[in-house]
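> show me how the following folds:
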Amino acid sequence: MIYHSLGRTTVQVSEICLGCLPFGSTTEPKEACSIIDRSIDAGVNFFDTANAYGCGRSEEVTGAALKANGKRAKIVLATKVHWRMADDDPNAAGNSRRHIIEQCEASLQRLQTDYIDLYQIHRPQSDTPIDETLRALDDLIRAGKVRYIGCSTFAAWQVVESLWVAKELGLNRFVCEQPPYNLLDRRIERELLPMAQTYGFAVIPWSPIGGGLLTGKYRRDKMPKTGRFADVSALPPEIARRLTPGLFDLVDKLDPIAAEKGCTLAQLALAWVVGRRGVTSPIIGPRTMEQFEENLSALEVELTDEDLAQIDELVPPGSMISPFYEADFGPHVHRCL
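Numbering: from 1, shown residues only. Predicted coordinates for the structure are as follows:
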């Protein structure tokens, strides 16, 4: 296992991050614990979850597993805050000071830990001043409850604004950004990746295999009866529109490249993200042990310059076939400072 610095920090994280989204929902706790133990044995020391995953259930299962195996101290444990946690409380969502501090306390309890290594803002919110968000996070760091802070699916300008505000106010700054990045959506290459390299940000991509769309399971003339995209009518519009004609074309054209490398389509897609310049640690989200082993083996896939050139012809740098990089990109309602 190769390890990389988490941005400008000297904290070392594994070249893949174990995403805990399925744990406690599509993955039963017993199997989740087995996947966690296996990942640690394989050298994975970076875990990512969120308060909203299963409305806290993912954190509970992850925390219980780490307590049972006694490996918490060896893990760089990340979680996130932003999404709604209760339907009957208008303040139970967002990036306000109130919500951040309340949810940090709740996450600490669910994770059965005294501190969170990396606490991330799950999405930007244009009607909450970034200085309010950063002050709340800074207070959590100073209280010893959080060690580092980051953001997820922010626009490049929003990240730079956060750096400016943190500098002006003498607050702790974000050390990483967690954007979507895969062969279906390369738009972060336009501004976000260069920005991250310029300012020393770790980049922790989510959905490196397109939420399963790059596994080869979904074909134009052969859609599975089970799985996340099996019933398109039940999906939120922002997820359903990822099933584009271009997706099916790309999957068909990637097949021979994967066959030549002797790997699965999912392994090819993951290996491509792992090897991208500026990427720190892509997040995998295995539901089963079999999927974890497949993801782990992707680290053995070596892509040549010729392979990368072939892929660039199919998906030009900075282009998008299916939309993943979408959020509240502003402008802000309230100016900062």
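> where do the helices sit along this structure?
Remark: helices assigned in the chain by DSSP state H are 29-41, 57-69, 97-111, 130-142, 156-169, 192-199, 237-240, 245-261, 265-274, 289-297, 305-314.
> out of these, which is closest to Asp221?
helix 245-261 (8.5 Å; Cβ to Cβ). For glycine as for every other residue, the C-beta is placed from the backbone atoms N, C-alpha and C.
> how about that closest one, which residues are buried there?
247-248, 250-251, 254, 257-258, 261 (16 or more other Cβ atoms under 10 Å).
> one step back: distance to Thr9 and mean pLDDT added to the helices of the chain, as TSV?
TSV is the format used below for those (distance: least, Cβ to Cβ, whole Å; pLDDT from 0 to 100):
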stretch	distance to Thr9	mean pLDDT
helix 29-41	21	98
helix 57-69	21	98
helix 97-111	20	98
helix 130-142	12	98
helix 156-169	15	97
helix 192-199	13	98
helix 237-240	33	89
helix 245-261	34	96
helix 265-274	20	98
helix 289-297	25	98
helix 305-314	29	98
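> and stretch 316-327, end to end?
One end of stretch 316-327 to the other measures 23 Å (Cα to Cα, to the nearest Å).
> could you pull up the mean pLDDT of it?
Taken as a whole, stretch 316-327 carries a mean pLDDT of 97.
> report the contact partners of Trp135.
I think there's a mix-up here, since residue 135 is Arg and not Trp. Contacts here follow Cβ atoms under 8 Å, 6 or more residues apart in numbering; on that basis Arg135 touches 97, 169, 171.
> ok, now how distant is it from Ser162?
12 Å (Cβ to Cβ, to the nearest Å).
> ok, Arg287 next?
33 Å.
> of those two, who's got more company?
Ser162 (25 against 19; other Cβ atoms under 10 Å).
> show me the contacts for the more buried one.
Per Cβ under 8 Å, 6+ apart, neighbours of Ser162: 130, 134, 151, 154, 173-174.
> tally of neighbours for Thr26?
Counted with other Cβ under 10 Å, Thr26 comes out at 14.
> which non-adjacent residue is nearest it?
Once flanking residues are discounted, Thr26 sits nearest to Arg287: 5.1 Å by Cβ to Cβ, 6 or more residues apart in numbering.
> would you agree Ile75 is in contact with Asp48?
No. Counting by Cβ atoms under 8 Å, Asp48 is not a contact partner of Ile75; they are 10.7 Å apart.
> look at the two and report which has more neighbours.
Asp48 (27 against 22).
> what sits against the more buried one?
17-20, 78-80, 178, 204, 283.
> mind checking which of the residues you listed land in strands?
17-19, 78-80, 178, 283 (DSSP state E).
> out of the helices of the chain, which is the most enclosed?
Of the helices of the chain, the one with the most neighbours on average (mean count of other Cβ atoms under 10 Å) is helix 265-274, at a mean of 24.
> in the chain, which residue is closest to the centre?
When Cα atoms, centre = their mean is applied to the chain, the residue found nearest the centroid is Trp206 (3.2 Å).
> and that residue, how far is that from Ser58?
14 Å.
> now the closest residue to Lys253 other than its chain neighbours: how far from Asp307?
Excluding its sequence neighbours, the residue lying closest to Lys253 (Cβ to Cβ, 6+ apart) is Leu314, at 5.3 Å. Applying Cβ to Cβ, the value for Leu314 to Asp307 is 11 Å.
> one more: Glu60?
In terms of Cβ to Cβ, Glu60 sits 41 Å off from Asp307.
> before we move on, back to that, show me what contacts the residue nearest to Thr26?
Counting by Cβ under 8 Å, 6+ apart, Arg287 has contacts 22, 26-27.
> what is the lowest-pLDDT residue among those residues?
Pick the lowest pLDDT in the contacts of Arg287 and you get Thr26, at 93.
> for that one, grab phi and psi.
phi -80, psi -20 (degrees, to the nearest 10).
> from Pro286, how far off is it?
In terms of Cβ to Cβ, Thr26 sits 10 Å off from Pro286.
> follow-up on the earlier one: next, format the contacts of Arg135 as JSON lines and append distance to Arg190.
Output for the contacts of Arg135, formatted as JSON lines (distance: Cβ to Cβ, whole Å):
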{"residue": "Arg97", "distance to Arg190": "32"}
{"residue": "Leu169", "distance to Arg190": "29"}
{"residue": "Leu171", "distance to Arg190": "28"}
